[in-house]
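*Asks:* Please find the sequence and the predicted model below.
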Amino acid sequence: MSDDDESSASGEYHAEYHPHLREAAAYTDDEVTRRAFDVRQVRGADAAGLRCCLPEAQRSYRTPSDQEQCPMCDASCHPNCLDKLRNEEMRRGRPLAYGCPQCGTLWRTDAETAAAAERQNQANANRTRPTAKPYRCRRDPISGRFVCTFAPPSTGQPCGWTRKTRHQIRVHHNRAHEDNPDPSCDCAGVSVFDTDDEDNISADPPPCPCPICAEQYYCRHAAAAHCRKEHRINSWPPKCRICHTIFDKYLDLIVHLTYAHQNPRPSQ
């Protein structure tokens, strides 16, 4: 999986791992520091002969074959595969410590790798324009990974999604927490409303209204992007005016109104 080719958070990923990783997730940072060992970074051609001990997560041809190797049992895995495992377990309510999936040894990133990652992140920050989007992240002091700390309105709890760089966290935030205009909109320009001409639904799509001001848009993604741009300051978080349910994105609210309340227009 590359920086801009993130797998869906809903994709199931099952892998065997040592139970100590679940137990160690409750350790304090000081306790983890005492028990952790520097993980070996095996890069390039040196990693070609290593076999990942986890089922390989979705990857692109641009993804390097670098692996992380346990200093105790010599088992190795791709960083993306380990991140995928930890993210999926976090989603299931079972956080895992950063460590070897095979023997349960806790890992920490060596100083050289951490310094290189910091230089890369600083370079990316210098090239990236400032953004007003409220994405938040923190750097885990043990694993060196970046953790999404944005709190979705529906739960109020930090997201917890883990990635290697700030850029990957920004990509995750944009896809998981933002109503961005989507040029490859999966509704193909068709709104969520039904039409009389089911055989030619895309020829004359009915409008999709903004749930706040009722302005008409060609599809739900365009309406959601409008809400994010025009109503974020005065109407956040997205909230159903009928049942008062709070949503994480305006797109979720629009779909909810369509299917739960049969397309009601917002009150003026």
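*Replies:* Sure thing, it's come through. Just so you know, these numbers come straight off a predicted model, no measurement behind them. Numbers count the residues shown, from 1 in each chain.
*Asks:* Setting aside sequence neighbours, what's the nearest residue to L50?
*Replies:* Distance criterion Cβ to Cβ, 6 or more residues apart in numbering; nearest residue to L50, sequence neighbours excluded, is S76 at 4.6 Å. C-betas here are computed from N, CA, C, even on glycine.
*Asks:* How confident was the prediction at the one you found?
*Replies:* At S76 the predicted local distance difference test score is 94.
*Asks:* go on, Q41?
*Replies:* As predicted, Q41 sits at a pLDDT of 88.
*Asks:* Would you double-check that it falls in a strand?
*Replies:* Yes - counting by DSSP: H, G, I helix; E, B strand; the rest coil, Q41 falls inside a strand.
*Asks:* Just list whatever residues bridge to it.
*Replies:* The bridge-partner assignment for Q41, based on DSSP bridges, gives E68.
*Asks:* All further residue positions should be reported with the first residue as 48.
*Replies:* All set: I'll call the first residue 48, so the last point we hit is now Q88.
*Asks:* Would you agree it is in contact with E115?
*Replies:* Yes - using Cβ atoms under 8 Å, Q88 is in contact with E115, at 6.3 Å.
*Asks:* Between the two, tell me which one has more neighbours.
*Replies:* E115 (23 against 17; other Cβ atoms under 10 Å).
*Asks:* does the more buried one really touch L129, like I thought?
*Replies:* Yes - assessed by Cβ under 8 Å, E115 is found in contact with L129 at 6.9 Å.
*Asks:* got a list of what the residue nearest to L97 touches?
*Replies:* Shown in contact with S123 (Cβ atoms under 8 Å, 6 or more residues apart in numbering): 89, 94, 97-100, 114-117.
*Asks:* Name the nearest residue to E136, sequence neighbours excluded.
*Replies:* E136 sits nearest to L143 (Cβ to Cβ, 6+ apart), 5.1 Å away.
*Asks:* Following the chain onward from the helix-or-strand element of the chain with minimal mean pLDDT, which element is next?
*Replies:* Least confident element among the helices and strands of the chain, by mean pLDDT, DSSP states H and E: helix 158-174 (a mean of 70). Reading on from helix 158-174 to the C-terminus, the next helix or strand found by DSSP states H and E is strand 184-186.
*Asks:* Can you give me the buried ones in that following strand?
*Replies:* With burial defined by 16 or more other Cβ atoms under 10 Å, the residues of strand 184-186 counted as buried are 184, 186.
*Asks:* How about stretch 273-290?
*Replies:* Applying a neighbour-count criterion of 16+ other Cβ under 10 Å, the buried positions in stretch 273-290 are 273-275, 278-279, 285-287.
*Asks:* and it, how far out from the chain's middle?
*Replies:* The offset between the C-alpha centroid of stretch 273-290 and the centroid of the whole chain comes to 22 Å, using Cα atoms, centre = their mean, to the nearest Å.
*Asks:* try stretch 115-127
*Replies:* Distance, stretch centre to chain centre, for stretch 115-127: 24 Å (Cα atoms, centre = their mean).
*Asks:* Tell me the buried residues in it?
*Replies:* Going by 16+ other Cβ under 10 Å, stretch 115-127 has these buried residues: 115-117, 122-127.
*Asks:* Which member of the residues you listed is positioned nearest Q167?
*Replies:* For these, the minimum distance to Q167 (Cβ to Cβ) is 13.9 Å, reached by P126.
*Asks:* Next one: the residue positioned nearest the centre of the chain from L132, what distance?
*Replies:* Using Cα atoms, centre = their mean, the residue of the chain that lies closest to the mean C-alpha position is H219, 3.8 Å off. Look at H219 and L132: by Cβ to Cβ, to the nearest Å, they are 16 Å apart.
*Asks:* quick one on the thing from earlier: which PyMOL command selects the buried ones in the contacts of S123?
*Replies:* Applying 16+ other Cβ under 10 Å to the contacts of S123, the buried members can be selected in PyMOL as follows:
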select buried, resi 89+94+97+99+100+114+115+116+117
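*Asks:* and which of the contacts of S123 is nearest A158?
*Replies:* E115 (15.4 Å).
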